[in-house]
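Q: Below is the sequence, then the predicted model.
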Amino acid sequence: MSAVFRPSRARAPRLAADGSPAWRPRRDWVAGASAVLLIAVALLAFVSPLLTDAATSQSILDSLLPPGSPGHPLGTDELGRDVLMLTLAGTGSAVAGPVAIAVGSMILAVVFGTLAGYLGGAVDTVIGRIVDILLSLPVMLVAIVVAGIFGAGYWVTVAMLIVLFCPSDIRIVRAGVTEQAPRPYVEAAQMLSLSRRRIMYRHIVPNVWPLILTNLMLNIGIALVTLSSLSFLGIGVAPGTPDWGRQISDGRALIADNPAMLLVPALLIILVTMAINLIGDQLGERLRERGLE
């Protein structure tokens, strides 16, 4: 009985108001462009440690060169560091943290959200109260206070954001598990005397996977913006470290001399966040359609 029980549902056709098949514009090219961008960003994040030395190399004689200068397509900053190399090298810290935040938060959500949704009772009450307390905490303010008290580094900030992100994820997973718990395939598994852990994590969780995946992708985008905002404020990333948020902060004073220092990382944050959300929405829709077949 290792196979996953899946509810049998007829595929619902998409119909317009008059009952005719609805026309839906194809979004494959949008998803394809988003996937290409994310693959490129992932590769840059992987090789970014190799670019750190070149990115942090200073040359006062080449300071504040405008975009399009020979050897410096995006110009340089006040220390003579190449803006393009800074941006490429900053991909690692800008992306690795958000992915770790989203994955760590979702792991906690799957564990505790499934327990709360399936077991109910006192377990659901205790988990629900803890979630309510964590949801009442302002994420940015807590991060600033903790960093001010303990001098939080990059990965300490990531761990803190995992804890602060997971309450909303727990609620989402709990709602999906609660909806699946009364289904016939769960009752059949119970009649076979399967353990609660097996029913929860081998049968129910795979059937809420579209919800989990969609929310995971959404969390990566939110975490990217949040972590970049903290870096902009000087939290989590040490001065001089290549990072998109830190680069935006440093580029504010250079907007008149070299606007690329600020605009390029800001544009990348927007584009990567949009691409992540589009891919997550597309994957979630495909998985839901497969579940209806």
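A: Here it is on my side, so go on.

Q: now the strands: where do they sit in the stretch 51-200 of the chain?
A: For the stretch 51-200 of the chain, no strands are identified by DSSP state E, counting those that start in this stretch.

Q: Which residue lies nearest the spatial centre of this protein?
A: Ile220 (0.5 Å; Cα atoms, centre = their mean).

Q: which stretch of helix or strand covers that residue?
A: Per DSSP states H and E: Ile220 is located in helix 209-232.

Q: And the closest residue to the residue nearest to the centre of the chain other than its chain neighbours, how far from Arg252?
A: Leaving aside its sequence neighbours, Ile220 sits nearest to Ala102 (Cβ to Cβ, 6 or more residues apart in numbering; 4.3 Å). No exception for glycine: its C-beta is placed from N, CA and C like everyone else's. Taking Cβ to Cβ, to the nearest Å as the measure, Ala102 falls 28 Å from Arg252.

Q: what about the closest residue to Ser34 other than its chain neighbours, neighbour count?
A: Leaving aside its chain neighbours, Ser34 sits nearest to Ala275 (3.7 Å; criterion: Cβ to Cβ, 6+ apart). For Ala275, the count of nearby residues is 21 (other Cβ atoms under 10 Å).

Q: OK, contacts around Ala275?
A: Ala275 makes contact with 33-35, 37-38, according to Cβ atoms under 8 Å, 6 or more residues apart in numbering.

Q: Just give me the neighbour total for the residue nearest to Ile220.
A: Counted with other Cβ under 10 Å, Ala102 comes out at 25.

Q: And the host helix or strand of Leu50, what's buried?
A: Using DSSP H and E, Leu50 maps to helix 28-56. Across helix 28-56, burial judged by 16 or more other Cβ atoms under 10 Å covers 31, 34, 37-38, 41, 44-45, 48, 51-52, 55-56.

Q: Tell me the one among these nearest to Thr178.
A: Thr178 has its nearest neighbour among the buried residues of helix 28-56 in Ala31, at 30.8 Å by Cβ to Cβ.

Q: thought the closest one was touching Gln282?
A: Yes. Applying Cβ atoms under 8 Å, one finds Ala31 in contact with Gln282, separated by 4.6 Å.

Q: Flag the helix or strand of this protein with the lowest per-element mean pLDDT.
A: Least confident helix or strand of the chain, by mean pLDDT, DSSP states H and E, is helix 139-150 with a mean of 80.

Q: what's the distance between that helix and the middle of its chain?
A: Put simply, helix 139-150 sits 21 Å off its chain's centre (Cα atoms, centre = their mean, to the nearest Å).

Q: Which residue ranges of the stretch 1-150 of the chain form helices?
A: Here the stretch 1-150 of the chain has its helices, by DSSP state H, counting those that start in this stretch, at 28-56, 83-89, 91-119, 121-135, 139-150.

Q: The first one packs against which elements?
A: For helix 28-56, the helices and strands in contact under the criterion 3 or more Cβ pairs under 8 Å, 6 or more residues apart in numbering; DSSP states H and E are helix 83-89, helix 91-119, helix 260-292.

Q: The residue nearest to the centre of the chain is in contact with Ala96, isn't it?
A: No. With contact defined as Cβ under 8 Å, Ile220 does not reach Ala96; the gap is 11.0 Å.

Q: And for stretch 102-109, what's in contact with it?
A: Here stretch 102-109 makes contact (Cβ under 8 Å, 6+ apart) with 158-159, 161-162, 165-166, 169-170, 172-173, 212, 215-217, 219-220, 223.
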